[in-house]
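Enquirer: Here is my input, please return the structure:
(one chain, ligands or ions: 1)
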Amino acid sequence: MFKNKVVIITGGGSGIGKSIAKLFSKNNAIVCVTDIDIKKAEETSNECQNKSFFYNLDVTNKNNVKTIFNQIHKEVGFYDILISNAGVSNMKYIEDITEDDWNFNMNVNAKGVFLCNQEAIKYFKNNKIKGRIVNTASLASKIGAPLLAHYSASKFAVVGFTQAAARETAKYGIRINAVCPGFVKTSMQEREVKWEAKLRNISEKQVIDDYINQTPLGRLEEPEDVAKVVLFLSSDESNFMTGQAINVTGGIYTT
Ligand SMILES: NC(=O)c1ccc[n+]([C@@H]2O[C@H](COP(=O)([O-])OP(=O)(O)OC[C@H]3O[C@@H](n4cnc5c(N)ncnc54)[C@H](O)[C@@H]3O)[C@@H](O)[C@H]2O)c1
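Expert: Presented below is the predicted three-dimensional model:
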């Protein structure tokens, strides 16, 4: 489905990003796995079945984004899909959120999406490429999540940016959408379950049961559940979609 397509994935070393990389590769795309953790990016690249590359990329660093995207252009020839997926979280009651916590979430989740989208949009426009971008937002970008106020703010920003960027670039044939996953089984979730159990003074099992009870389809989400929708939004099957933030939440209802 993605033969002769080149995909850049940020945060591709683990969880949802890793699953997206592997599914693109299975569907014949050339995958450029990037992550702030180069070892994890290399591991994902090794698990790809088609031609793939890996790069060390910190999405919060403008120069680094520019350099790596240029390097991909030089080494691979071009790119026409960007999956801006890298993200972080930490959990605290609002009164305990520090400026460092706020900046950490905002910098990776919101500024990281901005910097990567900006570089790719410039490249698509300059090279007349009808590129596709999918940004990873969250259920917490549709409904604010307790203990994650700073994270929620950063993810609402992703949806606003996605909408604005999509409307601005539609005339060039560029499409930009977002996915909003629910409770996905990844290392981020493992960390959050531990924090939440402590903060709410309940067991980790109770936290997980709570996630499942909130999910009409009745199970935790798998990274592949998200990856399948990301591939759809990157494919010709979604040619008349742009500026959307698609829930992949097992039926948890939000706008
Ligand atoms: N897991 C969930 O339940 C869930 C739900 C909704 C949205 N999301 C979003 O999905 C995305 C992927 O999360 P995940 O659950 O796979 O988490 P994860 O922690 O398993 O993977 C995140 C990856 O991003 C990388 N990363 C962190 N900071 C980076 C930076 N500055 N530059 C580049 N890479 C960086 C990490 O090294 C890691 O490999 C995130 O944007 C997250 O907010 C996750």
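Enquirer: State the helix or strand in which Ile133 lies.
Expert: Ile133 is part of strand 132-136, with elements assigned from DSSP states H and E.
Enquirer: go on, Asn247?
Expert: Assigned by DSSP H and E, Asn247 belongs to strand 245-248.
Enquirer: Check which strands are paired with that strand and give the direction for each one.
Expert: strand 175-181 (parallel) (DSSP bridges).
Enquirer: Quick one: the helices in the stretch 1-150 of the chain, in order.
Expert: Under the criterion DSSP state H, counting those that start in this stretch, helices of the stretch 1-150 of the chain are mapped to 15-26, 38-47, 62-76, 99-105, 112-126, 149-169.
Enquirer: Extract the C-alpha trace of the second one and format it as CSV.
Expert: Once side chains and other backbone atoms are set aside, the C-alpha atoms of helix 38-47 remain, and they are given as CSV (Å, rounded to 0.1, in the frame of the first residue of the first chain):
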residue,chain,number,x,y,z
ILE,A,38,18.9,6.1,19.5
LYS,A,39,19.2,2.5,20.8
LYS,A,40,15.5,2.1,20.9
ALA,A,41,15.2,3.7,17.4
GLU,A,42,17.8,1.2,16.1
GLU,A,43,15.8,-1.7,17.7
THR,A,44,12.6,-0.7,16.0
SER,A,45,14.5,-0.3,12.7
ASN,A,46,15.9,-3.8,13.1
GLU,A,47,12.3,-5.1,13.5
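Enquirer: List of residues touching it?
Expert: Contacts to helix 38-47, defined as C-beta atoms under 8 Å, 6 or more residues apart in numbering, come from residues 12-14, 17-18, 21-22, 31, 33-35, 52-56. All C-beta atoms are positioned from the backbone trio N, CA, C, and that covers glycine.
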